[in-house]
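> missing the sequence, but the structure's below:
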Ligand SMILES: Cc1cc2nc3c(=O)[nH]c(=O)nc-3n(C[C@H](O)[C@H](O)[C@H](O)COP(=O)(O)O)c2cc1C
């Protein structure tokens, strides 16, 4: 049976217009990234993980505060923590800020997070994991979801035991990234486990891991019976990959299109993070956007050493003058940033991974 990526489906009462979900990525999934993902065909976008104990984490290096705007919906905001009461409070805050779904991170393998009992550590403490889910599900009226790994140890099948218990505790969907926490991002995502999880639960499952092309998006959906696929690294600096997956045609952007998307992204990042933070934050994006043979390699090297984003934008315009008109068109469609909801209590964390 042919799988259609443009089909809508739903999580709880929330309709998701396509079967493509843009992944949460710490240090990547800022508002500009989520908004672009929606524009290129993701049916659901997700914030990077935000700390439920935001106040305690004030001393950590943060990128600023989460902003939510009208063109991101449906939007999942991901929270992490291990304390049921704090997680419930955080869930109420993100619901009030406009989250259509509250997602919980049970997959982050980074020690800074797991040593507090949060992230992937919760996969080893099913009792606590279920208490966190119940507290969060009771605290909000929007659907709540969990994103998890296969387990902590290599070869673990913990997700298959935990998944059904989380559903009983109140989750409306599950995302599985079937690598162990130990594996971090090495090896391959084992979607045979995703297929097993789908068999065991009555809620939609989102398959995360190694989806980078239309062919493997379809193969993963067919093989697993998952409701949707999630794309993370494949969308870094490459929103066109989402369009290609949805539309089914190879889509090679012109230089002007690449420059225009990057310029709008840079300007939005500056608005969201401030110039000082944006300069460092954006460096990795230059390689991501300009690679794929789109621009000669030395050009990226030139950009990463420029001290201000204004100079980067000028270099991009000089390299692709035709981008100006596209930038104007894209910016005309952005909603008024003054209407954004800002989650002041919750710093965006820089902990990587899930
Ligand atoms: C830089 C980076 C940051 C990530 N941050 C998060 C996060 O905050 N929360 C989360 O649940 N997963 C996070 N992940 C995991 C991804 O959402 C995804 O599950 C994983 O990268 C596998 O998908 P991929 O093969 O499409 O990259 C992160 C991954 C990367 C590469």
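Noted; the coordinates are in hand. Please read these numbers as outputs of a predicted model, since none were measured by experiment.
> So what's the residue count around residue 339?
Residue 339 is flanked by 8 other residues according to other C-beta atoms under 10 Å. Just so you know, the C-beta spots here come from the backbone N, C-alpha and C atoms, and that holds for glycine as well.
> Distance of it relative to residue 113?
Look at residue 339 and residue 113: by C-beta to C-beta, to the nearest Å, they are 32 Å apart.
> same check, this time on residue 16
For residue 16, the distance to residue 113 equals 27 Å [C-beta to C-beta].
> How about residue 169?
Using C-beta to C-beta, we find residue 169 at a distance of 21 Å from residue 113.
> of these two, who's got more company?
Counted by other C-beta under 10 Å, residue 169 and residue 113 do not tie: residue 113 has more neighbours, with 26 against 20.
> where are the low-confidence patches of the stretch 251-354 of the chain?
Along the stretch 251-354 of the chain, the parts satisfying pLDDT under 70 run over 345-354.
> change it to 90
For the stretch 251-354 of the chain, the stretches flagged by pLDDT under 90 are 251-252, 272-274, 277, 292-293, 297, 335-354.
> What count of nearby residues applies to residue 275?
12.
> Isn't it up against residue 307?
No - contact between residue 275 and residue 307 fails when scored by C-beta atoms under 8 Å: they sit 10.2 Å apart.
> Could you tell me how far the helix ranked longest in the chain lies from the centre of the chain?
If you go by DSSP state H, the chain has its longest helix at helix 255-273. Its chain's C-alpha centre and that of helix 255-273 lie 18 Å apart, by C-alpha atoms, centre = their mean, to the nearest Å.
> Would you tell me which residues of the protein are close to the ligand?
By the rule C-beta under 6 Å from any ligand atom, the part of the chain lying against the ligand is 23-28, 48-49, 78, 105, 107, 147, 177, 208-211, 231-234, 352-354.
> Try it again at 5 Å.
The chain comes close to the ligand at residues 23-26, 48-49, 105, 147, 177, 208-210, 232-233, 352-354, as judged by C-beta under 5 Å from any ligand atom.
> gap between residue 77 and residue 99?
4 Å.
> who touches both of the two?
Residues touching both residue 77 and residue 99 (C-beta atoms under 8 Å, 6 or more residues apart in numbering) are residue 68.
> Strands of the stretch 101-250 of the chain, start to end?
Remark: strands assigned in the stretch 101-250 of the chain by DSSP state E, counting those that start in this stretch are 101-106, 144-151, 173-180, 205-208, 228-231.
> Which helix or strand lies directly C-terminal to the longest helix of the chain?
Beyond helix 255-273 in the direction of the C-terminus, DSSP states H and E gives the next helix or strand as helix 275-290.
> Pull out the buried positions in that following helix.
Of the residues in helix 275-290, 277, 278, 279, 281, 282, 285, 286, 288, 289, 290 count as buried by neighbour count, 16 or more other C-beta atoms under 10 Å.
> excluding its backbone neighbours, what's nearest the third one?
Read it as residue 279. Nearest non-adjacent residue to residue 279, counting by C-beta to C-beta, 6 or more residues apart in numbering: residue 309, 6.2 Å away.
> Next: residue 41.
That would be residue 246: by C-beta to C-beta, 6+ apart, it lies 3.8 Å from residue 41.
> ok, now which ones touch the one you found?
Residue 246 touches 5, 6, 18, 20, 40, 41, counting by C-beta under 8 Å, 6+ apart.
> beta partners for the closest residue to the ligand within the stretch 51-200 of the chain?
Ranked by C-beta to the nearest ligand atom, the top residue of the stretch 51-200 of the chain for proximity to the ligand is residue 177, at 3.7 Å. As for beta bridges, residue 177 partners with residue 149 under DSSP bridges.
> quick one: it and residue 233, what's the gap?
For residue 177 relative to residue 233 (C-beta to C-beta), the value is 11 Å.
> same check, this time on residue 131
32 Å.
> Which residue ranges of this protein form helices?
Secondary structure of the chain (DSSP H): helices at 31-39, 84-96, 111-114, 126-139, 158-169, 191-200, 214-224, 239-247, 255-273, 275-290, 297-304, 309-319, 323-332.
> Which one of the ones you listed lies nearest to residue 182?
Residue 182 lies closest, by C-beta to C-beta, to one member of these: helix 111-114, at 10.9 Å.
> And the contacts of the closest one?
Here helix 111-114 makes contact (C-beta under 8 Å, 6+ apart) with 80, 105, 108, 119, 120, 121, 181, 351.
> Tell me how many other residues surround the first one.
This means residue 80. Residue 80, neighbours per other C-beta under 10 Å, totals 30.
> go on, the fourth one?
Residue 119 has 30 neighbouring residues, counting by other C-beta under 10 Å.
> For it, report the pLDDT, please.
Looking at residue 119, its pLDDT reads 94.
> Same question for residue 202.
pLDDT, read off for residue 202, is 98.
> Spit out the contact partners of the residue nearest to it when sequence neighbours are not counted.
Nearest non-adjacent residue to residue 202, counting by C-beta to C-beta, 6+ apart: residue 167, 6.9 Å away. Going by C-beta under 8 Å, 6+ apart, residue 167 touches 174, 201, 202, 203.
> Mark which of these are buried, thanks.
Of those, these count as buried by 16+ other C-beta under 10 Å: 174, 201, 203.
> The last one contacts residue 169, correct?
So the one you mean is residue 203. No - in this structure residue 203 lies outside contact range of residue 169 using C-beta under 8 Å: 11.6 Å.
> Can you verify my assumption that residue 317 contacts residue 260?
No - with contact defined as C-beta under 8 Å, residue 317 does not reach residue 260; the gap is 9.5 Å.
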